Structures are given as C-alpha cells and as structure tokens.
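Q: got a sequence here, can you model it:
(one chain, ligands or ions: 1)
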Amino acid sequence: MIDEANSAKKRTAVRSCPVCGHESWPIAYGMMMPDDMAQHPRTEFAGCCFMHEERLNPTTGQLEYGVPEWACQNVECRYRWW
Ligand SMILES: [Zn+2]
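A: Okay, the predicted model is just below:
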C-alpha cells in the first residue's frame with residue numbers, strides 16, 4: 001500500500017488511472033543512472049525501449065499511435081496511456 005504520509009508531493013507528479021483510478025506513474029525513457037532513479041521514486045523506468053502502442057481515440061474514433069507516458073501501478077490493470 002502507499003503510505004501517503006511519506007509521499008509528500010515531491011517533484012514527481014502522479015495521476016489517476018483513467019480505467020481503474022489507481023495511482024499511475026510517469027514513464028521515463030532512456031538511460032538512467034541509479035542515482036537518477038533514486039531521485040524519482042515514483043517513476044516507471046522503461047529503459048531505451050520505446051514501445052509504440054495504438055489506441056482508438058474515443059472522441060474522434062481514429063486509430064492513434066503513440067508512446068505511453070503514464071503507467072497504471074495496479075498490477076491487475078497495468079493500463080498505459082499518453
Ligand atoms: Zn489502472
């Protein structure tokens with residue numbers, strides 16, 4: 001569980017998953033040193049692998065491609081979006 005008392009809003013912002021409402025973290029791409037990672041405790045690190053995903057835009061009905069910027073931290077959801 002998340003200890004809200006210790007999660008004093010630092011630099012890393014979190015968002016709520018649009019699917020399940022769980023806390024979601026920003027996804028960081030590229031090489032990160034361990035020191036850098038330590039400064040971003042609420043960030044999901046994806047390394048250098050850019051994973052393009054597709055989605056159906058609910059408002060336009062168009063198929064869109066993009067790189068997810070947010071990752072739901074609910075293990076049963078794991079929804080990623082941008
Ligand atoms: Zn979710």
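Q: for Ile27, grab phi and psi.
A: Taking degrees, to the nearest 10, you get phi -100, psi 130 for the backbone angles of Ile27.
Q: what helices or strands is the helix or strand where Ser24 lies leaning on?
A: Using DSSP states H and E, Ser24 maps to strand 23-28. Using 3 or more C-beta pairs under 8 Å, 6 or more residues apart in numbering; DSSP states H and E, the elements in contact with strand 23-28 are strand 15-16, strand 44-45, strand 70-72. Quick note: C-beta positions are derived from backbone N, CA and C, even for glycine.
Q: mean confidence score for the longest one?
A: What strand 70-72 shows for mean pLDDT is 95.
Q: residues in contact with it?
A: The contact list for strand 70-72, computed with C-beta atoms under 8 Å, 6 or more residues apart in numbering, reads 15, 17, 19-20, 22-27, 44, 78-82.
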